[in-house]
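Student: What shape does this take:
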Amino acid sequence: MSAAPVSPLDALGVVHVLSARSVDPADAAVLSTVEPRAFARSLGDAGYTVRVQQREIGKKWEATLARSCEWTSMVVLDAAGMSVRTTSLPTYRDCLLLEAENGRLTSVAWLDRVSLEAGRTDGEVVVNSAAGRRLDDEDGRWEARDLPEKSVMLSRSLLEGRGWKTDMPFRVV
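Tutor: Model prediction:
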């Protein structure tokens, strides 16, 4: 059975339903007919042009897309005033996280924003995500759930291994 690509209008309709927080399983049923990469391309055509992350491991595929990315630069002095650290902090707005397995879309999450910032050491990155909404395919039924706001400290190498683009100027001056 071959999955039909979803038009940008259909893709935006699902995104609108997710971001409006009023998900009806009938609205989400269109996701069962979507070929994941075609869906990601449709989303790109519909304005989700920033590819934050993408990876494939075996039969599992993941991608994170955003409508925009804003950069904020910051200069931080250590407690003793002996060193200065400059960071550029990306904030991705209107984000979609897509997951697929065996060529079938299994999850779509919407987050208002995801930001990365430098951790306490050069190799650490803090990932902050705003609250959002997620749709998961549970044995053919799409289930919706809220996602809480959260912050997680991760190593840069772990993020890069998961396909995140971390080529940001995190450095100690």
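
Student: alpha carbons only for contacts and neighbour counts from here, please
Tutor: OK.

Student: three-state assignment of the residue positioned nearest the centre of the chain?
Tutor: Centroid check for the chain by C-alpha atoms, centre = their mean gives T64 as the closest residue, at 3.5 Å. The three-state assignment at T64 reads strand, by DSSP: H, G, I helix; E, B strand; the rest coil.

Student: Enumerate the beta-bridge partners assigned to the nearest residue to it once chain neighbours are set aside.
Tutor: In this structure, T64 finds its nearest non-sequential neighbour in L97, 4.4 Å apart by C-alpha to C-alpha, 6 or more residues apart in numbering. Listed beta-bridge partners, L97: T64, A109 (assigned using DSSP bridges).

Student: From L77, how far out is L97?
Tutor: For L97, the distance to L77 equals 35 Å [C-alpha to C-alpha, to the nearest Å].

Student: what do you get for A100?
Tutor: Plainly put, A100 is 43 Å away from L77 if you go by C-alpha to C-alpha.

Student: what about the closest residue to R51 other than its chain neighbours, neighbour count?
Tutor: Nearest residue to R51, sequence neighbours excluded (C-alpha to C-alpha, 6+ apart): L65, at 4.7 Å. Residues lying near L65 (other C-alpha atoms under 10 Å) number 24.

Student: for G132, same thing?
Tutor: 22.

Student: Looking at it now. What's its pLDDT?
Tutor: In this model, G132 is scored at 92, pLDDT.

Student: what sits against it?
Tutor: G132 is in contact with 19, 109-112, 146-149, counting by C-alpha atoms under 8 Å, 6 or more residues apart in numbering.

Student: neighbours around K150, how many?
Tutor: The local packing of K150 (other C-alpha under 10 Å) involves 11 other residues.

Student: hmm, back to that, among the contacts of G132, name the ones in strands.
Tutor: 109-112, 146-147 (DSSP state E).

Student: beta partners of V125?
Tutor: Bridge pairing for V125 (DSSP bridges) gives the partners A118, L154.

Student: what's the distance between it and L158?
Tutor: Separation of V125 from L158 (C-alpha to C-alpha): 10 Å.

Student: What degree of burial does Y92 show, as a neighbour count?
Tutor: Y92 has 23 nearby residues by other C-alpha under 10 Å.

Student: so it makes contact with R113?
Tutor: Yes: using C-alpha atoms under 8 Å, Y92 makes contact with R113 at a distance of 5.4 Å.

Student: Can you pull the poorly scored residue ranges out of this protein?
Tutor: Along the chain, segments meeting pLDDT under 70 span 1-26, 74, 76, 78-79, 81-88, 165-173.
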